[in-house]
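Peer 1: here you go, sequence then predicted model.
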Amino acid sequence: MKIGIDMGLDGGGKPAMLDLEELLATRLLVQGNSGSGKSHLLRRLLEQSAPWVQQCVVDPEGDFVTLAEKFGHLVVEATRSEAELTRIAARVRQHRVSVVLNLEGLDVDQQMRAAAAFLGGMFDAERDHWYPVLVVVDEAQLFAPAAAGEVADDARKVSLGAMTNLMCRGRKRGLAGVIATQRLAKLAKNVAAEASNFLMGRTFLDIDMARAADLLGMDRRQAEMFRDLARGHFVALGPALSRRPLPIRIGEVETAARSTSPRLMPLPETAPEDAADLIFAPGPEEVRAVPRRHVPPPPTPTADILAQLAASRSQPQSDAPQPAIDPAERRRLLDAVMGEILEDPDAAFRSDAVLYQDFLVRCRIRRVPGDPLSLSAFRRALAVGRAGVAGEAVDGSAWHSALDLSASLPDDLQGVFLLVARAAVDAAPCPSDAILARAYGTHSARRARRLLAFFEERGLVVLRTDLRGWRIAAFPDLGCETAAGNPDAADTETAMRHAAE
C-alpha cells in the first residue's frame with residue numbers, strides 16, 4: 001500500500017507528497033544552517049507519518065518531547081545507564097511504541113554514549129521484532145562527526161559505529177534513518193552517503209553549497225541558490241520525493257517546540273540608580289541560598305614547604321610490624337566480591353572499566369587486605385569467573401593450558417574462549433550462541449559465531465557439526481573437545497531473568 005505524506009507545497013503550488021513506503025527503504029538526509037527550518041521539517045514529517053509507522057526520535061535539545069501530548073510518544077530520559085537504555089530499546093522494538101530519546105541536560109560525551117546504547121539496542125533486536133521504524137536523528141553531526149574533536153575518542157567511536165549501522169545496515173532490520181545536520185562538511189561521509197533522499201535548505205559556506213549541489217546533481221553555478229532559500233524552504237530530490245530537484249515549502253505543524261527562536265522585546269523602563277540596586281544588591285532569596293564565601297588562608301612560602309619535606313625524610317621509619325596478610329582469606333574475600341559482581345544481571349553488558357570501579361568499591365567495603373588488583377589482573381579474573389570454573393577444573397593440567405592459550409587473546413575475548421574451553425575440559429555440551437553472546441556482553445548471536453570463527457582462524461579450536469547440526473568444538477592443544485551442543489538453544493539464565501522481570 002502506497003502512503004503519501006503531505007510535506008507542504010511545491011514550486012507550482014501543488015501538494016508536495018513524500019512516499020512513506022519508499023522512504024523506509026531509501027533513508028533521508030536533511031541539511032540546512034541554523035534557523036533554516038530543519039526541526040520544523042522533521043516535526044512535519046513526524047506528525048504526518050505518526051499514524052502509519054512507529055517512530056524513534058533522538059533529540060539532543062528536548063524539542064520533540066511535545067509530540068507525547070498530541071501523538072502519544074513515550075519520552076525516554078537518557079539519564080540512565082547504558083545497559084538500561086539498551087534493554088529499553090529492545091522493548092521498544094518488541095512492543096512497537098513510538099518514543100523520543102531526550103538527551104537534554106547531558107554533555108556531548110554522555111549524549112553520544114546514550115544515543116549509541118539506544119540505537120545499538122534497536123539494531124540488535126531479535127529478528128522477530130524487526131518491524132519498520134522511522135529513526136529520526138536531529139543534529140546528526142554530533143553523533144557522526146567527520147573528524148575527531150574535543151570529545152573522548154571511545155565515545156566518538158561507539159556513536160559513529162551506531163550511526164553507521166543505522167544508515168548502512170539498518171534497512172534489513174526495518175530501521176529507516178532520517179538524519180538532519182547543519183553542515184554536510186561536519187557529517188561523516190560514510191553516514192551521509194547512504195541516504196538516497198535529500199532535502200537541502202539554506203546554507204552559506206561554499207563547501208556546503210558545493211556538496212549540496214553535487215548530491216542533487218546540480219551544476220556548480222546553480223549552488224548559489226541555496227543562499228537565497230527562505231526559512232522553511234527546501235530543495236527535494238530522491239525516489240521518495242522527486243526524480244528532479246523540486247523546491248518545497250514545508251507546511252504548518254500541530255505541535256510546537258519548547259524552545260523558540262528569539263524575538264525582540266522592549267527593554268524594561270528602569271532608572272539607572274534602580275538598575276544599580278537590582279544588579280549589585282543581592283535579593284532576599286539569594287541571601288538565604290548563597291553560602292558565605294570562604295576566605296582561603298595565606299599561601300605557605302615555598303621555603304617552608306621544602307623544609308617540611310626535608311624534615312620528613314630525615315625522620316626514621318617506624319619499625320612497627322605490619323599486620324600479616326593471610327593469602328587464603330584474601331583469596332576468599334576477592335572471590336566473594338567477584339561473585340557479587342557476576343551475579344548482577346547487568347554485569348555482562350557493562351564495560352570492564354565500570355565493573356573495575358565497582359570491584360574496587362566493594363573491596364573497600366569488605367576491607368580486603370593488600371594492594372588492590374590492577375585492571376589487567378581484574379580482567380583476567382573476570383574472564384575466569386565468567387567461564388564458571390569449578391574447583392576441580394582448576395586443578396587439571398588441561399585447564400592451566402587453556403589459561404596459557406587465552407593469554408594470547410585480547411582481554412574482551414578471553415572470557416568467551418575460557419567458557420568454551422571449560423566445556424571441553426568437562427566434556428560438556430558446546431555453549432549455544434546465546435550463552436556466548438552474553439559472555440561477550442552483547443545480544444547478537446552473529447557476533448558470537450564470529451568469535452568462534454576467529455578462534456578457529458587462530459588455530460586454537462576446530463569446529464564441526466554432527467548429523468543433527470549440533471556444534472562440537474575440539475581443542476588440539478588441550479587434547480579434549482566438547483560434547484555436541486545445540487547452537488540455537490536459548491540462554492536459560494537470561495530467559496529466567498526476563499521471566500522474573
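Peer 2: Thanks, I have the structure now. Residues are numbered from 1 along each chain as shown.
Peer 1: how about residues contacting the lengthiest strand in the chain?
Peer 2: Identified as the longest strand of the chain according to DSSP state E is strand 242-250. Here strand 242-250 makes contact (Cβ atoms under 8 Å, 6 or more residues apart in numbering) with 7-11, 16, 37, 40-41, 44, 199, 216-218, 232-237, 241. To be clear about C-beta, it is placed using only N, CA and C from the backbone, and glycine gets the same treatment.
Peer 1: and with 7 Å instead?
Peer 2: 7-11, 16, 37, 40-41, 44, 216, 218, 232-237 (Cβ atoms under 7 Å, 6 or more residues apart in numbering).
Peer 1: equivalent analysis for stretch 358-372, please.
Peer 2: 325, 330, 333-334, 337, 340-341, 378.
Peer 1: now do 6 Å
Peer 2: 325, 330, 333, 337, 378 (Cβ atoms under 6 Å, 6 or more residues apart in numbering).
Peer 1: related to what we said a few turns ago, give the PyMOL command for selecting the buried subset of the contacts of strand 242-250.
Peer 2: Those of these that count as buried under 16 or more other Cβ atoms under 10 Å are selected in PyMOL with:
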select buried, resi 7+8+10+16+37+40+41+44+216+218+232+233+234+235+236+237
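Peer 1: residues in contact with Asp30?
Peer 2: Heads up, residue 30 is Val, not Asp. Val30 neighbours (Cβ under 6 Å, 6+ apart): 38, 41, 180, 199.
Peer 1: surely it is in a strand?
Peer 2: Yes - counting by DSSP: H, G, I helix; E, B strand; the rest coil, one finds Val30 located in a strand.
Peer 1: and the pLDDT for the closest residue to Ala423 other than its chain neighbours?
Peer 2: Residue nearest to Ala423 in three dimensions, not counting chain neighbours: Thr482, with 4.6 Å by Cβ to Cβ, 6 or more residues apart in numbering. With respect to pLDDT, Thr482 has a value of 92.
Peer 1: count of neighbours near Ala377?
Peer 2: Number of residues near Ala377 (other Cβ atoms under 10 Å) recorded here: 10.
Peer 1: so what secondary structure elements neighbour whichever strand or helix holds it?
Peer 2: Assigned by DSSP states H and E, Ala377 belongs to helix 375-386. Here helix 375-386 touches helix 352-366, helix 411-425, going by 3 or more Cβ pairs under 6 Å, 6 or more residues apart in numbering; DSSP states H and E.
Peer 1: single out the most deeply packed of those.
Peer 2: The highest mean neighbour count among these, using mean count of other Cβ atoms under 10 Å, belongs to helix 411-425: a mean of 23.
Peer 1: how distant is that one from the center of its chain?
Peer 2: Computed by Cα atoms, centre = their mean, to the nearest Å, the chain-centroid distance of helix 411-425 equals 27 Å.
Peer 1: export that helix to PDB, keeping only CA atoms.
Peer 2: Extracted C-alpha coordinates of helix 411-425, given in PDB (Å, rounded to 0.1, in the frame of the first residue of the first chain):
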ATOM      1  CA  ASP A 411      41.100  -9.100  27.100                       C
ATOM      2  CA  ASP A 412      37.500  -8.900  25.900                       C
ATOM      3  CA  LEU A 413      37.700 -12.300  24.100                       C
ATOM      4  CA  GLN A 414      39.300 -14.300  26.900                       C
ATOM      5  CA  GLY A 415      36.100 -14.900  28.800                       C
ATOM      6  CA  VAL A 416      34.400 -16.400  25.700                       C
ATOM      7  CA  PHE A 417      37.400 -18.600  24.900                       C
ATOM      8  CA  LEU A 418      37.600 -19.900  28.500                       C
ATOM      9  CA  LEU A 419      33.900 -20.600  28.600                       C
ATOM     10  CA  VAL A 420      34.200 -22.900  25.600                       C
ATOM     11  CA  ALA A 421      37.500 -24.400  26.900                       C
ATOM     12  CA  ARG A 422      35.900 -25.200  30.200                       C
ATOM     13  CA  ALA A 423      33.100 -27.100  28.400                       C
ATOM     14  CA  ALA A 424      35.700 -29.100  26.600                       C
ATOM     15  CA  VAL A 425      37.700 -29.900  29.700                       C
END
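Peer 1: between the helices and strands packed on helix 375-386, which gets the lowest average pLDDT?
Peer 2: Among these, helix 352-366 carries the lowest mean pLDDT, at a mean of 79.
Peer 1: now do it and helix 411-425, the angle between them.
Peer 2: On the basis of axes from the mean of the first three to the mean of the last three Cα atoms, to 10 degrees, helix 352-366 is oriented at 80 degrees to helix 411-425.
Peer 1: that older thread, any idea how far the helix holding Ala377 is from the chain center?
Peer 2: Centre-to-centre, helix 375-386 and its host chain are 24 Å apart (Cα atoms, centre = their mean).
Peer 1: so for that helix, what's the average pLDDT?
Peer 2: When pLDDT is averaged along helix 375-386, the result is 72.
Peer 1: which other residues reach it?
Peer 2: For helix 375-386, contacts defined as Cβ under 6 Å, 6+ apart pick out 338, 342, 352, 356, 359, 411, 414-415, 418, 439.
Peer 1: and of those residues, the nearest to Gln141?
Peer 2: Nearest to Gln141 among the contacts of helix 375-386: Asp352, at 30.1 Å, using Cβ to Cβ.
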